[in-house]
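Engineer: Pasting the sequence and the predicted model now:
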Amino acid sequence: QTAFLDGNQPERLCQPIVDHVASRGGQVLTGKPVSSIELNLDNTVNCIKLADGSSVTADYYVSAMPVDIVKKVIPQAWSTMPYFRQLSELEGIPV
């Protein structure tokens, strides 16, 4: 069975997600390229550095970056962890 959105994707799928996050005090940033993920000494995320030089600190982070970009910004300390090691098996495709 195939299902289709009743309307365009940003309006029918993305905006409700943004609204849900915002209604709970969260913030959704788009069009803000990530330059690095900065870690604490215990390898938890300290902040996300953006390409414009600013940084973002949060309780939770959700990424929708293409896999090729994620591979570039994953901290070295995470690269040997089994979960992140699997990234080497993923290959980005142009859409």
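Structural biologist: Happy to help now that I have it.

Engineer: Strands along this structure, start to end?
Structural biologist: Under the criterion DSSP state E, the chain contains strands at 34-39, 45-50, 55-56.

Engineer: would a markdown table of these with distance to residue 10 and mean pLDDT be doable?
Structural biologist: For every residue, glycine as well, the C-beta is placed using N, CA and C. Shown next, in a markdown table, are the strands of the chain (distance: least, CB to CB, whole Å; pLDDT from 0 to 100):
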| stretch | distance to residue 10 | mean pLDDT |
| --- | --- | --- |
| strand 34-39 | 21 | 96 |
| strand 45-50 | 22 | 97 |
| strand 55-56 | 22 | 96 |
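
Engineer: Relative to residue 81, which of these is closest?
Structural biologist: Of all the strands of the chain, the one in closest proximity to residue 81, counting by CB to CB, is strand 34-39 (12.0 Å).

Engineer: tell me how far that closest one is from the chain's mean position?
Structural biologist: 11 Å (CA atoms, centre = their mean, to the nearest Å).
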